[in-house]
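**Q** Sharing a model prediction with you, sequence too.
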Amino acid sequence: MKKTKINAIRNIGIIAHIDAGKTTVTERILFYTGRSHKLGEVHDGEAVMDWMPDEQERGITITSAVTTCPYKDIEIHLIDTPGHVDFTIEVERSLRVLDGAVGVFSAVEGVEPQSETVWRQADKYHVPKIAFLNKMDRIGADFFATVEMMKTKLGAHPLVLQLPVGMGEDFQGVIDLVRMQQIRWDESSLGILFTSGPIPAEWADQAADHRERLIETVAEQDDALMEAFVAETPIEEAQLLAAIRRATIQLKLVPVLCGSALKNKGIQPLLDAVAQFLPSPADIPPARGMHPETGDAIECHPRDTDPLAALIFKVSMMEGRKLCFVRVYSGRLRAGSELYNPSLKRKEKVARILLMHANKRERIEESGAGSIVGVVGLKDASTGDTLCTAEQPVLLEKIESYEPVISIAIEPKTHGDQEKMDEVLEKFTAEDPTLRVRKDEDTGQTILSGMGELHLEIITSRMQREFSTNVNVGKPQVVYREAIAGPARATAAFDREIAGQRHFAEVSLHVAPLPRGAGSGFTSTVPVETLPAAFVDAVRKGALGALESGPVSGYPAVDVEIRLTGAAPKDTSTELAFTVAASMACKEALSRGNPFLLEPIMITEILVPEAYLGEVIGDLNARSGKIESIEHKLGVQVITATVPLSRMFGYSTALRSATQGRGTFSMHFKRFDRP
C-alpha cells in the first residue's frame with residue numbers, strides 16, 4: 001500500500017442532528033472521491049455507510065462507520081456518526097480520535113438539540129469544525145437565520161465563505177466569497193460537472209459586502225492579515241486561505257458553506273474546505289498520555305519513528321469476530337507484532353490490520369501515525385484501551401462513557417436461546433460501553449439498561465437478526481438513583497471466625513447529603529496512629545461499595561458524603577473485617593438519613609405547529625412536565641420542557657396522534673432529581 005505523508009491525512013467526522021443529512025453528505029463524498037460508483041440513498045436503504053439491516057430499514061445511522069477515500073492530494077479518513085441521542089456514545093468516542101469535524105445543519109430546521117450536543121462534544125475535545133448548511137433547496141430554507149442560530153445556540157463564530165444563489169425551490173448554486181465566483185452544478189451529470197463563472201449583477205453588491213465582512217472577520221483573528229487590511233493593500237487568495245486555516249485550527253472561526261446534498265450541489269467545495277482548512281495530525285498538539293508505572297507525562301508526537309501509541313476507540317463484532325477500531329497517534333502498527341496493553345497489564349498480538357470501508361475491509365501490512373484502521377486478533381482489549389510497546393509503555397486518556405437511564409427485562413423464549421443469550425449480551429456489552437446487563441437477585445430476571453427506548457429496541461432486534469437469539473421483552477423500566485435528605489450516624493461491629501481466623505472491626509460513620517450532581521466522597525477524621533492507612537482504605541472500600549445498593553429499592557445512592565469518625569481496632573482486626581463493618585455501618589446510616597428516590601429528568605424539545613400548541617402543552621402538564629420556554633421558529637412553535645423519564649414512555653405515539661403526525665420531539669438526559 002502506498003504510504004501517505006502525514007500532512008496529507010485528514011481524520012474527520014460528520015456530525016449533526018438526526019435527519020440533517022449527514023449520511024447523504026457522506027454518500028456524496030464517497031461518490032465524488034471515487035470511493036463508491038453509485039449514489040446510495042438513505043430513503044432507499046442503499047446508503048453505503050448505513051450497512052446494518054436496522055439502519056437500512058429505519059433510515060437512520062446507528063453505529064459510526066469508518067471509511068478512507070482519496071481526494072486530490074489528500075487522504076480522508078471519514079467517520080459518519082449517528083444523530084440520534086440514544087447513540088451519543090458513538091459520537092463521543094469518534095470525536096475523541098478525530099482531528100476535525102464537519103457539522104451538517106438543515107437550513108430549514110436550523111440548529112437542533114442534538115446538533116448542540118454533538119457540537120459541545122467536539123468543543124470538549126478541541127476539534128476544529130466546518131459547518132455545511134444542507135437542504136438549501138427545501139421550502140423554508142433560511143441560510144442567514146441558521147448562521148445566526150449558530151451564534152446564539154452554539155456560541156460559535158461562523159465565517160461565511162459562500163452565499164446561496166436563491167433559497168428553497170430557487171436554489172441554483174453558490175457564490176464563493178474567497179475567489180468571488182459563482183458555482184453552478186450540472187444536474188444531468190449527478191453533480192459531477194460544475195462550472196465557475198462571474199457573479200450575476202443582481203448578486204454583485206451583496207457578494208462584495210459579504211466579502212468585505214469575511215476579510216474583516218478573519219483579520220480580527222490574524223495579525224498578519226490585519227496589517228494588510230488596515231493598510232488597504234490587496235489581499236491575495238493564498239494569504240486569505242492561510243489565515244482562515246490558522247483561525248479554524250485554533251478554534252477561533254468556523255467556516256460556513258452551503259448546498260443540497262440530495263440534489264448533488266455543494267459537495268466538491270466542501271471537500272476543498274476539508275483539505276484547505278481542517279488540520280492534519282501534524283497540525284494539532286500531540287496526544288498526551290502518562291507512564292503507567294511512574295505517572296510521568298508523555299507526549300506522543302505524530303511521527304512514524306517514535307514509539308507506538310494507539311488508542312482503541314471502538315470495538316465491534318463483525319461476522320462473530322472481534323474487530324477493534326484503532327487511532328494510531330505515533331509510531332507504526334505492524335501486522336503480526338506483539339503489543340502491550342497497559343490498562344490490562346498484558347500482551348496482545350495483532351493478527352491483521354484492515355483499512356475500513358463501512359463493513360468492507362482491505363488487508364494491509366502496517367499503518368503509520370495519524371491513521372485510523374481496524375485490528376483483528378486482540379482478545380481482551382476493550383474501548384478506551386491503549387496499545388503500545390512493553391519497552392516504552394504509555395497510557396492514553398480513556399474515553400468517557402454515559403450512565404444508562406432506561407431498563408427492560410428480557411428472557412429467552414426457549415432453552416436453546418438461554419444458552420446463547422448470555423454469550424450474545426457479552427458481545428454487545430464489549431461493543432457498547434453504555435449498555436449494561438445485570439441479573440436481578442429478587443426476580444432472577446436479566447435486566448438490560450441503555451440510553452433510550454430506541455437503543456434497547458435496536459439491541460433486541462440485533463439479537464434476533466445477527467445471532468438468531470429470540471427473547472421476550474418486558475416493559476421498559478426507569479433506572480432510578482437514591483439520595484438522603486439529612487445527616488445520620490451509625491456504628492457497626494463485625495466479629496466472626498472464618499476459616500480458623502478471627503476477624504474483628506468496629507466502625508462509626510457519619511453520612512450527609514451533598515448538592516445534586518456533586519457525586520459521593522469519603523473522608524476520615526481518625527488519626528493514622530489510631531487506625532493504619534490499610535484499614536482506612538478497607539473502610540473506604542466497604543463504605544463506597546455500600547452506596548451501590550441504596551436502602552429504598554436497591555438503586556445506587558448518590559451525592560453522599562461519608563466521614564469515618566471512629567474505629568476500634570484489635571489484635572484480631574483485619575482488612576476484611578473493616579470492609580464488612582464499614583458496609584454495615586454505611587447501610588444503617590443511609591437508612592436513618594431519610595432516603596428517597598431520584599428519577600431521571602429529561603430535557604425535551606418539541607416542534608409543533610401552532611394549531612396544536614395548547615393540546616401538546618396540556619399533555620406535557622399531565623406528564624408532570626415543566627415548560628422552560630416556547631419560541632417561534634420557521635413556522636412552528638418550539639417547546640423546551642423538563643419531564644420525568646417515567647412519564648415519557650410512548651410519547652412519540654401520543655405526540656403524533658395529537659398533531660396529526662406533524663409534531664416531532666427529541667429528548668436527552670439532564671439530571672437526576674426528586675419525583
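**A** Nice, thanks for sending it over. Numbers count the residues shown, from 1 in each chain.
**Q** Only C-alpha atoms from now on, for both contacts and neighbour counts.
**A** Noted.
**Q** Low-confidence regions, the stretch 51-200 of the chain specifically.
**A** 51-65, 82-88 (pLDDT under 70).
**Q** Which residue ranges of it form helices?
**A** 53-58, 88-97, 113-124, 143-154 (DSSP state H, counting those that start in this stretch).
**Q** In contact with the nearest residue to Gly517 once chain neighbours are set aside, which residues?
**A** Of all residues not flanking Gly517 in the chain, Asp559 sits nearest, at 6.4 Å (C-alpha to C-alpha, 6 or more residues apart in numbering). Neighbour list for Asp559: Ala483, Pro513, Leu514, Pro515, Arg516, Gly517, Ala518, Gly519, Ser520, Gly521 [criterion: C-alpha atoms under 8 Å, 6 or more residues apart in numbering].
**Q** possible to save the helices of the stretch 51-200 of the chain as CSV with mean neighbour count?
**A** Listed next are the helices of the stretch 51-200 of the chain as CSV, based on neighbours: other C-alpha atoms under 10 Å:
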stretch, mean neighbour count
helix 53-58, 16
helix 88-97, 24
helix 113-124, 20
helix 143-154, 17
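**Q** So for Leu78, which of those sits nearest?
**A** Among those, helix 88-97 comes nearest to Leu78, with 10.1 Å by C-alpha to C-alpha.
**Q** Alpha carbons of stretch 576-587, as CSV, please.
**A** Only the C-alpha atoms of stretch 576-587 are listed here, as CSV (Å, rounded to 0.1, in the frame of the first residue of the first chain):
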residue,chain,number,x,y,z
LEU,A,576,-11.8,-7.9,55.5
ALA,A,577,-13.5,-7.1,58.9
PHE,A,578,-13.2,-3.4,58.4
THR,A,579,-14.6,-3.6,54.9
VAL,A,580,-17.7,-5.5,56.1
ALA,A,581,-18.2,-3.4,59.2
ALA,A,582,-18.0,-0.2,57.1
SER,A,583,-20.5,-1.6,54.6
MET,A,584,-22.9,-2.4,57.5
ALA,A,585,-22.5,1.0,59.2
CYS,A,586,-23.0,2.8,55.9
LYS,A,587,-26.2,1.0,55.1
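**Q** who's in contact with that stretch?
**A** Under C-alpha under 8 Å, 6+ apart, the answer for stretch 576-587 is 490-495, 503-509, 511, 535, 538-547, 550-551, 562.
**Q** Return the members of these classed as buried.
**A** By neighbour count, with 16 or more other C-alpha atoms under 10 Å, the contacts of stretch 576-587 hold 490-494, 503-509, 511, 535, 538-547, 550-551, 562 as buried.
**Q** Got phi/psi on Ala499?
**A** With angles defined as degrees, to the nearest 10, Ala499 sits at phi 50, psi 40.
**Q** residues near it, how many?
**A** 6 (other C-alpha atoms under 10 Å).
**Q** Ok, Thr446 next?
**A** 18.
**Q** From Asp673, how far off is the residue nearest to Gly517?
**A** 11 Å (C-alpha to C-alpha, to the nearest Å).
**Q** same deal with Leu590?
**A** Leu590 is 18 Å from Asp673, where distance means C-alpha to C-alpha.
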